[in-house]
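Q: Here you go, sequence then predicted model.
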Amino acid sequence: MKLSMHRSWLILALALAVGIVAAYGVSRYLKLQMDEIEARGKSQKMTRVLVPKSDLAKGTEISTALVAVREVPAEWAHSNAISPDQFARVENQRLAYPAVHGEMILWSMLERERASTFSSRLASGRRAITVPVDEVNSISGMIQPGDHIDLMVSAKRDNRVFLFPLLQNVVVLATGARAVIESDGKEGRRAFTTITLDASPVEAQLVLAAREVGKIAALLRAPGDKVIGSAARRDALALLGIGDPESAPESGSVPVLYGGTGKLKDVAKLNP
């Protein structure tokens, strides 16, 4: 009986010893793992991103009261994440999608600002008018938006051709271009088919009238050239020295064109 009890205590003591050793081993293993994770975390590069303090609904405006800064491992950070130093660029912008508490706010989650319209480039009282041009009148496609040009008109009357400046120092707002297909079928140089000009309502009417009764050509100005030349009407043949100079109209008169009528009227001055 005593021998049996002695064996029972021996087995219990052995089990306890094994349990203690096992518990120590597990504890030691966990500690080593925690130390390794902490060491890895300390050596890992961190980055800061913006996150919502709470779930945000679509359409919410971003503000300092709604977002916070969170440090995350750089390798886990999304390439499209918004950083704290970029907050000024996103403040008061609206979310295009809901944002979850604690998750990174991405640039793609913001509503994109509406692109400015072409009309916003016009000053009050100004008009944009498009003039069709060919390769010659587009100066071989070298006119660019922002350039200043003069518009010259050639018009016929009584079998005579008259030349005169229609508008001077006009700003080019845009150019419409198309590709010129070469003989081998490949896309080559580009040529303008239209130019869009910044004009007053009266100037726009003059351009429309000139298109009806004559041909329009563009003269490119040098940067900074604001000189307004003579607005005289010239007889084309007389200008070339093969006509009758005495029959040419006075240099101080400028024709005003009326669309569709094909008639010319001389006036003392034409305001550009």
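A: Yep, it's here.

Q: What are the boundaries of the helices in the stretch 51-200 of the chain?
A: Assigned helices in the stretch 51-200 of the chain, in chain order: 87-90 (criterion: DSSP state H, counting those that start in this stretch).

Q: Figure out how far stretch 93-107 is from the centre of its chain.
A: Stretch 93-107 has its average C-alpha position 24 Å from the chain's average C-alpha position, going by C-alpha atoms, centre = their mean, to the nearest Å.

Q: tell me the average confidence for it?
A: Here stretch 93-107 scores 92 as its mean pLDDT.

Q: hey, C-alpha coordinates of that stretch in CSV?
A: Backbone C-alpha positions of stretch 93-107 (Å, rounded to 0.1, in the frame of the first residue of the first chain) are rendered in CSV as follows:
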residue,chain,number,x,y,z
GLN,A,93,-12.8,68.4,-50.8
ARG,A,94,-15.6,65.8,-50.8
LEU,A,95,-15.3,62.0,-50.7
ALA,A,96,-16.5,60.2,-53.8
TYR,A,97,-16.7,57.0,-51.8
PRO,A,98,-17.3,56.1,-48.2
ALA,A,99,-14.2,55.9,-45.9
VAL,A,100,-13.8,53.4,-43.1
HIS,A,101,-12.5,54.3,-39.6
GLY,A,102,-8.8,53.8,-39.4
GLU,A,103,-8.2,52.9,-43.0
MET,A,104,-6.0,55.1,-45.3
ILE,A,105,-7.7,57.8,-47.3
LEU,A,106,-6.6,57.6,-50.9
TRP,A,107,-6.5,60.2,-53.6
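
Q: and the longest strand for the protein?
A: Using DSSP state E to assign secondary structure, the strand with the most residues in the chain is strand 160-181.

Q: That one pairs with which strands, and in what direction?
A: Strand pairing for strand 160-181, using DSSP bridges, gives strand 148-157 (antiparallel), strand 187-199 (antiparallel), strand 234-235 (antiparallel).

Q: Pull the CA coordinates from the first one and hand them back as PDB.
A: Pointing back at strand 148-157 there. Taking Å, rounded to 0.1, in the frame of the first residue of the first chain, the C-alpha atoms of strand 148-157 are listed here in PDB:
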ATOM      1  CA  HIS A 148      -1.000  87.200 -81.600                       C
ATOM      2  CA  ILE A 149      -2.000  87.500 -85.300                       C
ATOM      3  CA  ASP A 150      -3.400  89.900 -87.800                       C
ATOM      4  CA  LEU A 151      -6.300  88.900 -90.100                       C
ATOM      5  CA  MET A 152      -6.000  90.100 -93.700                       C
ATOM      6  CA  VAL A 153      -8.900  90.000 -96.200                       C
ATOM      7  CA  SER A 154      -9.000  89.900-100.000                       C
ATOM      8  CA  ALA A 155     -12.300  90.700-101.500                       C
ATOM      9  CA  LYS A 156     -13.500  91.200-105.100                       C
ATOM     10  CA  ARG A 157     -15.600  94.100-106.400                       C
END
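
Q: and stretch 219-231, how far from the chain's centre?
A: For stretch 219-231, the distance to the chain centre is 30 Å (C-alpha atoms, centre = their mean).

Q: Likewise for stretch 160-176?
A: Once both centres are worked out by C-alpha atoms, centre = their mean, stretch 160-176 turns out to sit 28 Å from its chain's centre.

Q: average pLDDT across that stretch?
A: Over the span of stretch 160-176, the pLDDT mean works out to 87.

Q: Any buried residues in that stretch, and which?
A: In terms of neighbour count (16 or more other C-beta atoms under 10 Å), stretch 160-176 has its buried residues at 160-168, 170, 172-175. Heads up, the C-betas are built off the backbone N, CA and C, glycines and all.
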